[in-house]
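S.K.: Have a look at this prediction, sequence included:
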Amino acid sequence: MKRNLSIRSVALWLILAATALFLGSAFIANPALFIQQVINGLAQGAIFALVALGYTLVYGIIELINFAHGDVYMIGAFIGLSIVSLMGASEKSDSGTMLLTIALMFITAPLVCAVLNVTIERLAYRPLRNAPRIVVLISAIGMSFILEQVGLWWAQFGALSYFGGSGSTPKSFPALVPKFNLLAETAININLTPKHIFALALAIPLMIILRLFVQRTLMGKAMRATAQNRDAARLMGIDINRVISLTFLIGGALAGVGGVAGGLYFEGVVWNMGFDMGLKAFTSAVLGGIGNITGAMLGGFFIGLVSALSDQYIAAQWTRAVVFGILVLVLVFRPTGLLGTGVQQKA
Amino acid sequence: MSRQLDLNRIRGWLRAHWKLVILGILVVLFPFFDGFLQQISDYSLGGYTGSLVTVLMYAMLALGLNIVVGYAGLLDLGYAAFFAIGAYSMSLLSTPHPPWGLGVPFPFNYFWIAVILSALIALVSGFALGAPTIPLRGDYLAIVTLGFGEIVPVVFRNLTCVSIPFLNVECLDITAGERGVSLVALPGVPGIATFNKLDLAPWYWLALLIIVGAIFVNRRLEDSRLGRAWMAMREDEEAAASMGVDIVRTKLLAFAMGAAFSGFAGAYYASYIQAVFPSSFDFTVSVTVLCAVVLGGSGNPYGALLGGILVAGIDRIGLNLLTTGARALGNFIPFLGDIDFQLWRYGLYGLALVIVMLVRPQGVLPSTARARELTESLEEEKLSGIVAAEEVVAHESEAG
């Protein structure tokens, strides 16, 4: 066993050293390009992290891979685009309309998504609280399909039909956050736009607030207690159902924010965008150590960075394999994730 | 004397199972009814044999996954990976025009040999992909298999230009990427059946044969020493290990057996479709098969069969029938005139999954052992004192 472990750690260090060498040489060859990809990676990683938080919170409390979460993100993006079309805003609108639209999007989408997520838990997960976990997982997959159907209809008949095309064609999201280069006047050859800063400035404060909430408030304490041992928490007088609802509420709101931010950042929405985002966000949550809030944030940024660097230095069509390859490697070498402590694997 | 007894036995069996026998005959003769239905309905109904072959293929996959999920209790979210490996092995072994140029020589490109080789390749990859997951459990295992399920199609999609430095090979196209591999060997039994793309009935019968074989293997495995080891592992890994079950071997065998089933189904599918594309093996396939197993009743081969038929059948045939029916009614109710249930498939499918899980979490046809465990675990929890203690707390808070 001891010998086995040392072979594993040697392999791990070799992989890490090779990666470091590769990235180091890439940086020396073209520092500006490398930094550009780091900026892109961090900005999209911020959005992954927002969605990953929802996965990690829910998994921490009820140990469910909430497959419908990515689709709640999609609904958030659809709400955002619907508000854009209701306000008649576009890239060319005056700044007042733009600001009002952005504010409305970031108020409505989290609210609706939070309520939606709580409703999903009530309808599809709560009645199955004592059933085997795979049953709840299938129920979550079912919910995910239902939300995708809603997305299809929304895009075909709802407010989004304004953008033309059938229900399954992607709709472009007007870039309401400007995309001019802040460093255009300088000698540095890097494209840093308000859009990049916007994604980071939105995500990081939310994460800090969430962390403070979980660490400092009574409700946060109840959440942590429930995550640790549901039955013991129940005996201590904690209303488990309320805590679980609250968890889904927070997760849904973050997915709503993420949806609008993702729509603005990636400049497009489509009915099945939740699936891909879900996979990436979930990977982030697992990488950071599922159930761990800081871990989910770091995991999100990490996956964002890996995707951006792999797009640039390996090949865009291999990025998916690289992301999931890292996921497999991390789980094999360190099953608790990067930040996970010795939490017991639950069968 | 013994002859007399045998006849009596057969008669008794027939009397007990006559419904099953009639159903079996109807199922076997279906292609003839299908053609007849097509003729009398002027081709607005019927023509389901082809769809049924696909449905049966999902049932094959469900029977394979039943071993992994149902018997061994290992949650596999990347089952399509082995399906892809089987299909690609089959097509690359047997196509006369593989992407790299020269085809594989005779005995290996013959359908029956290629099928066995494909299943073996899937089996070996089951061992290879299963090995790193040995220390993992539960959801961690699920996530790693999901990772493999995502990686394998990407690999097949992108292996279009492989250079091997020491063999002086440059830019070798192995899988032809999005263009896919076409012209796969056809099965055939000299003198009995020939297979082609036009007559689908032989494909249907072959699929039925494979299903019968798969159920037989499932049943035999269930009663075997290995099957009992799987179930022991499913219930409690530590307890099984301390009773002398070799966990590593048992887990790997479950993975590899499941993979071989999937590879076999993949090889059959490749030959049936006559073309293999990387996009046919995405996560949806894994999810559909998993849903089939759980919906049908995890751990029961008949449940898995029923689940596969339900999940794929509703999608391929049920929605079509519904649309035809609704449109026929459309003469009386205007709203139904131009309805197309194909556009509702995600919603209906999702709704069906959620409702079945809420109403019947053990699946439609659960295995008796698993159903018992499910109710027992609920009773255990009631007895475990937590509920009782909670009642005391509630009572006290009411009183004071």
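M.R.: Received the coordinates, thanks.

S.K.: mind listing the strands for the chain?
M.R.: All of this is about chain A. A:171-172, A:268-269 (DSSP state E).

S.K.: not quite, I wanted chain B
M.R.: B:162-164, B:169-172, B:181-182, B:188-189, B:193-194, B:275-276.

S.K.: Packing partners of the third one?
M.R.: Pointing back at strand B:181-182 there. helix B:80-94, strand B:275-276 (3 or more CB pairs under 8 Å, 6 or more residues apart in numbering or on different chains; DSSP states H and E). From N, CA and C alone the C-beta is placed, and that goes for glycine too.

S.K.: The first one near chain A anywhere?
M.R.: It stands for helix B:80-94. No - judged by CB under 8 Å from any CB of the partner chain, helix B:80-94 stays clear of chain A, getting no closer than 11.0 Å.

S.K.: helices or strands up against that helix?
M.R.: helix B:106-109, helix B:111-130, helix B:138-158, strand B:181-182, helix B:247-273, strand B:275-276, helix B:283-296.

S.K.: Just name whatever secondary elements the fifth one is in contact with.
M.R.: Based on contacts counted as 3+ CB pairs under 8 Å, 6+ apart, the elements that helix B:247-273 packs against are helix B:49-65, helix B:80-94, helix B:111-130, helix B:201-223, helix B:225-235, helix B:237-242.

S.K.: residues of the third one that come out buried?
M.R.: The reference is to helix B:111-130. B:111, B:114-115, B:117-119, B:121-123, B:125-126, B:129-130 (16 or more other CB atoms under 10 Å in any protein chain shown).

S.K.: One more: the fourth one?
M.R.: Within helix B:201-223, the residues that qualify as buried are B:201-208, B:210-211, B:214-215, B:217-218, B:221-222, counting by 16+ other CB under 10 Å.

S.K.: Now stretch B:39-51: buried residues?
M.R.: Applying 16+ other CB under 10 Å to stretch B:39-51 flags B:G46, B:G47, B:Y48, B:T49, B:G50, B:S51 as buried.

S.K.: Also stretch A:57-70?
M.R.: For stretch A:57-70, by 16+ other CB under 10 Å, it's A:57-70.

S.K.: mind giving me JSON lines with the helices and strands packed on helix B:247-273 and columns for distance to A:N40 and mean pLDDT?
M.R.: Listed next are the helices and strands packed on helix B:247-273 as JSON lines, based on distance: least, CB to CB, whole Å; pLDDT from 0 to 100:
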{"stretch": "helix B:49-65", "distance to A:N40": "39", "mean pLDDT": "93"}
{"stretch": "helix B:80-94", "distance to A:N40": "30", "mean pLDDT": "93"}
{"stretch": "helix B:111-130", "distance to A:N40": "32", "mean pLDDT": "93"}
{"stretch": "helix B:201-223", "distance to A:N40": "48", "mean pLDDT": "92"}
{"stretch": "helix B:225-235", "distance to A:N40": "45", "mean pLDDT": "92"}
{"stretch": "helix B:237-242", "distance to A:N40": "43", "mean pLDDT": "91"}
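
S.K.: Distance to B:D6 added to those helices, as CSV?
M.R.: Listed next are those as CSV, based on distance: least, CB to CB, whole Å:
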stretch, distance to B:D6
helix B:49-65, 31
helix B:80-94, 40
helix B:111-130, 34
helix B:201-223, 21
helix B:225-235, 30
helix B:237-242, 41
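
S.K.: out of the ones you listed, nearest to A:I197?
M.R.: A:I197 lies closest, by CB to CB, to one member of the helices and strands packed on helix B:247-273: helix B:80-94, at 40.0 Å.

S.K.: So what's the gap between that closest one and the chain middle?
M.R.: Offset of helix B:80-94 from its chain centre (CA atoms, centre = their mean, to the nearest Å): 15 Å.
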